[in-house]
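1. Sequence first, predicted model second:
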Amino acid sequence: MTVVARPSTLVNPFMGTGVGGTAVGDIDGSPAADVPFGMMQWGPDTSPHRASGGGYFFGDTATSGFSLTHLNGPGCPGLGDIPILPTVGTVGRGDAPESATDRFTHAAEHASPGRYAVALASPRVSVDIGVTTRTGIATFTFPRVAAANVLFKVADSAVASSDARARVIGSREVAGSVTSGDFCDVPGNYTLSFDAQFSRPFDRSGSWRAGAVAAGSRSASGARSGVYVSFDARTEGSVTMKVGISFVSVANARANLAAENHGWSTDAVARAASAQWDAMLGGIGIAGGTATERATFYSALYRSLLHPNVFSDDNGDYMGFDGRRHVAAGYTQYANFSSWDTYRSEVPLQAMLAPAQSSAMMRSLLADADQSGWLPKWAYTDVNADEMNGDSDDPILAEAYAFGARNFDAGKAVRDMVHGATAVGTGTGWDVERQDLDEYLTRGWVQSDRRDRTSLDYTIGGSETLEYAIDDNAIALLARSVGDDSVASTFRTRAEYWRHLFNPATGYLAARDASGAFPPGPAFQPSSQADIGQDGWEEGNSVQYTWNVPQDLRGLFDEMGGNAAAITKLDTFFTALNTSRHEPYDWAGNEPALGIPWAYDYAGAPWRTQDVVRRIATTLYAPTPNGEPGNDDLGALASWYVWAAIGLYPETPGSANLVLSSPMFSHVVIALGSGRTLTIDAPGASSANRYVQALQVQGTEAPAACGVAARAYQCPWLAASVTRTGAHLTYTLGPAPNRHWAAAPAAAPPSITSTGSSSSG
């Protein structure tokens, strides 16, 4: 069966640029032009919703410029550096240059992987952008006017800029830098430098500061400052500009431009970027499904491969967490790790499809730890933004290794992980790898009223305890993989600290107060604070977090009274699919909910997993601006959809075991490297035919209980070895559930309670 030949043509970069539901609001996606994991993401910022996070909101009809850097769905404003806006007429006549905008319509806008184009409205100026990893090229086509301008809003990053400077060099070049930061209100700055070169000389230049324009000036600095260049477009309406960026220096930005962008063809650069995307997206080939499902799939896979971002320059230079220049020798340094969000589904996907890049990302985290003394908790440029509870680099490092990204020092990773899990201290600033660690080590849990240092609205003792238990299990898994059985044993024990939160009075987990008491009353008790779901839980409530024991679902179900009790609770939980922290139901648009639909596989009811996963995928995702249920958080939700569509999921962070739902496509082939593939055939797969009737698995090992030697494979999971050896899965699907398939207790995926460990393979 023939798979999609050019998957980039099915991608809609506007997916996730709208609203994800009342619980989340703006999804914060960006349609900027980019290549996989590129440093540059050059695209539009819209007005007035630029501050929503990704810089772009589909409901807006004006743009304030085209920034060189963006984040996809971060939830907080970030990057958005060096907005560039073409205009006509006298600069400063009317709005101050830093406030200038222009209107556009979506009918005049186009985006595809590696390219963004739009025609601005007043008067009509067209913009066509293509990018490489660290550079971009844009063609501006002006009406036949005497003053066609290109404004460099150097001081106008998405978050307030603490310093900015720019200068005009000769008659074809503009260079400068901006210092910004304070991502999600966490202290810490970065500096981005740029060098822009034009295909033909400009006639005039000028600058501004705080709205005051100085025609003829060739430099500017400080807040609300920028420079502009002007062309006479009466005989030649188009001008092409190339720009390189660097987080180190203008000289390095210029060198990146010379190394990557040779010529003056925007179309050629955009086509090369498209080819890069086809190669990367082609790592998963699909056939069958509807046109909408295929477009949703590749749009989601595209979103899953935008971050983290190349951070080192072509010569290897990068700025470290210690504020010093370093050289990435033999690898590429990466930044922008939304760790708490991406460890659940995005990191395993990237490690499987892009092991070389993923290995370099792990080396980057270890370099960050060398420079700061601790693994970071949201590596934002060269700053530890220290976002969210937990210690999520632990599962990231463990699962990258488990899924095949092994070109990094796993032994050092274990040592760094153990350091963060046993020592109390701060990094280069005020960041702490494991806050409340002393309490967790002493009691085995964190009391409910402990507050998130980066978001003081939340009390987080319950969620923090569960995150640390997940992190500890990941340490145990990687330690075992590198032969450190002593560390593995210690942290395997700590991975069961979730048990301290089980409240037998309600049958759910609960955040305990300073005395150790559980809160009286029902499991879900809304907080008196309007923005908080329930005291003790970050971005959620006790019912939603109860299922966040992916390393030991067997143990959780036993505490609840067995599979039947767990299924009853899950059925109630999934009566609503995308609520909020204020309701005791599924919140599919927030990361703690991502793995919960597969919990049924552990309870002897795989058919319910098949149904719930399909309902979420088909009702909450689409290749449209509103086509995600919440903030994508740099690919976290998009990657969930990719796994859901192929019918697999990495339920236990740090393990390469895969639990099953059912595939949406009749044919899937995943390239695993060295000619190995994981191939899935499901004739007749459709929205109606979502239930597994039978499964045959060939080409990989499996426990005896699964019956791999026979046609009737009877387990709702695949052993970790499948990601190394490949396999061929053949499904028989139908419109009605087969309640007996893979329902035997011995068929359930492994948990700590059932096996003594969760295998990483």
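-> Received the coordinates, thanks. Residues are numbered from 1 along each chain as shown.
2. Tell me how far stretch 390-398 lies from the chain's centre.
-> Relative to the chain's own centre, stretch 390-398 is displaced by 14 Å; criterion: CA atoms, centre = their mean, to the nearest Å.
3. Outside of that stretch itself, which residues are in contact with it?
-> 337, 339-340, 342-343, 347, 362, 365, 375-377, 410, 413, 417, 420-421, 433-434, 463-464, 467-468, 470-472, 474-475, 477-478, 481, 653-654, 760 (CB atoms under 8 Å, 6 or more residues apart in numbering). C-beta: built from backbone N, CA, C; applies to glycine.
4. residues in contact with the residue of the chain most remote from its centre?
-> Relative to the centre of the chain, and counting by CA atoms, centre = their mean, the farthest-placed residue is residue 235 at 45.9 Å. Residue 235 makes contacts with residue 144, as judged by CB under 8 Å, 6+ apart.
5. Number the residues from 29 up from this point.
-> Okay, using 29 as the starting number, the last item reads as residue 263.
6. Quickly find the element holding it.
-> Element membership for residue 263, per DSSP states H and E: none, as it lies in no helix or strand.
7. By mean pLDDT, point me to the weakest helix or strand of this structure.
-> Least confident helix or strand of the chain, by mean pLDDT, DSSP states H and E, is strand 483-487 with a mean of 73.
8. Where does the prediction get shaky in the stretch 479-628 of the chain?
-> 482-484 (pLDDT under 70).
9. all helices of it, in order?
-> Along the stretch 479-628 of the chain, counting by DSSP state H, counting those that start in this stretch, helices occupy 489-509, 513-522, 570-574, 581-588, 591-601.
10. what would those helices look like in TSV with distance to residue 711 and mean neighbour count?
-> As requested, the helices of the stretch 479-628 of the chain are exported to TSV (distance: least, CB to CB, whole Å; neighbours: other CB atoms under 10 Å):
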stretch	distance to residue 711	mean neighbour count
helix 489-509	36	28
helix 513-522	42	17
helix 570-574	37	27
helix 581-588	31	22
helix 591-601	30	17
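11. With distance to residue 538 as new columns, can those helices be given to me in JSON lines?
-> Output for those, formatted as JSON lines (distance: least, CB to CB, whole Å):
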{"stretch": "helix 489-509", "distance to residue 538": "7"}
{"stretch": "helix 513-522", "distance to residue 538": "20"}
{"stretch": "helix 570-574", "distance to residue 538": "5"}
{"stretch": "helix 581-588", "distance to residue 538": "12"}
{"stretch": "helix 591-601", "distance to residue 538": "14"}
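12. What separation do you get for residue 371 and residue 497?
-> Using CB to CB, to the nearest Å, residue 371 is found at 14 Å from residue 497.
13. Sorry, wrong one. I was asking about residue 770.
-> Distance from residue 770 to residue 497, counting by CB to CB: 27 Å.
14. got it, and residue 477?
-> Look at residue 477 and residue 497: by CB to CB, they are 19 Å apart.
15. and the gap between the residue farthest from the centre of the chain and residue 230?
-> Taking CB to CB, one finds residue 263 at 14 Å from residue 230.
16. can you check residue 712 too?
-> For residue 712, the distance to residue 230 equals 62 Å [CB to CB].
17. Check residue 360 too.
-> The gap separating residue 360 from residue 230 is 35 Å, by CB to CB.
18. Please, where are all the strands along the stretch 579-728 of the chain?
-> With strands called from DSSP state E, counting those that start in this stretch, the stretch 579-728 of the chain shows them at 676-677, 686-688, 695-701, 704-709, 719-726.
19. Please disregard the earlier target; I meant the stretch 429-578 of the chain.
-> Using DSSP E, counting those that start in this stretch, strands in the stretch 429-578 of the chain cover 479-480, 483-487, 530-531, 536-537.
20. Report all helices and strands that the third one contacts.
-> With contacts defined as 3 or more CB pairs under 8 Å, 6 or more residues apart in numbering; DSSP states H and E, the secondary structure elements packing on strand 530-531 are strand 536-537.
21. Tell me the strands beside the strand it packs on, with direction?
-> According to DSSP bridges, strand 536-537 forms sheet pairs with strand 530-531 (antiparallel).
22. so how far is the partner strand from its chain's centroid?
-> Relative to its parent chain, strand 530-531 has a centroid offset of 32 Å by CA atoms, centre = their mean.
23. if we look at that strand, which residues are touching it?
-> Residues from elsewhere that reach strand 530-531 (CB under 8 Å, 6+ apart): 536, 537, 538, 546, 551, 584, 587.
24. any idea which of the residues you listed has the most stuff around it?
-> The residue in these with the most neighbours, by other CB atoms under 10 Å, is residue 537 (29 neighbours).
25. Please tell me how far it sits from residue 596.
-> Using CB to CB, residue 537 is found at 16 Å from residue 596.
26. now swap in residue 749 and tell me
-> Distance from residue 749 to residue 596, by CB to CB: 34 Å.
27. With residue 231 instead?
-> Separation of residue 231 from residue 596 (CB to CB) stands at 75 Å.
28. swap in residue 445?
-> Using CB to CB, residue 445 is found at 37 Å from residue 596.
29. Equivalent analysis for residue 217, please.
-> For residue 217 relative to residue 596 (CB to CB), the value is 51 Å.
30. go on, residue 655?
-> Distance of residue 655 to residue 596, computed by CB to CB: 32 Å.
31. Could you do residue 662 as well?
-> Distance, residue 662 to residue 596, by CB to CB: 36 Å.
32. and if you look at residue 35?
-> Noted for residue 35: a distance of 41 Å to residue 596, by CB to CB.
33. Same check on residue 79?
-> 44 Å.
34. Please apply the same query to residue 61.
-> For residue 61 relative to residue 596 (CB to CB), the value is 49 Å.
35. Pull the contacting residues for the closest residue in space to residue 555 that isn't next to it in sequence.
-> Leaving aside its chain neighbours, residue 555 sits nearest to residue 563 (5.1 Å; criterion: CB to CB, 6 or more residues apart in numbering). When contacts are counted by CB under 8 Å, 6+ apart, residue 563 touches 476, 477, 487, 539, 553, 555.
36. okay, these in JSON lines with neighbour count and distance to residue 576 next?
-> Formatted as JSON lines, these follow (neighbours: other CB atoms under 10 Å; distance: CB to CB, whole Å):
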{"residue": "476", "neighbour count": "26", "distance to residue 576": "16"}
{"residue": "477", "neighbour count": "13", "distance to residue 576": "20"}
{"residue": "487", "neighbour count": "24", "distance to residue 576": "17"}
{"residue": "539", "neighbour count": "29", "distance to residue 576": "13"}
{"residue": "553", "neighbour count": "17", "distance to residue 576": "18"}
{"residue": "555", "neighbour count": "18", "distance to residue 576": "19"}
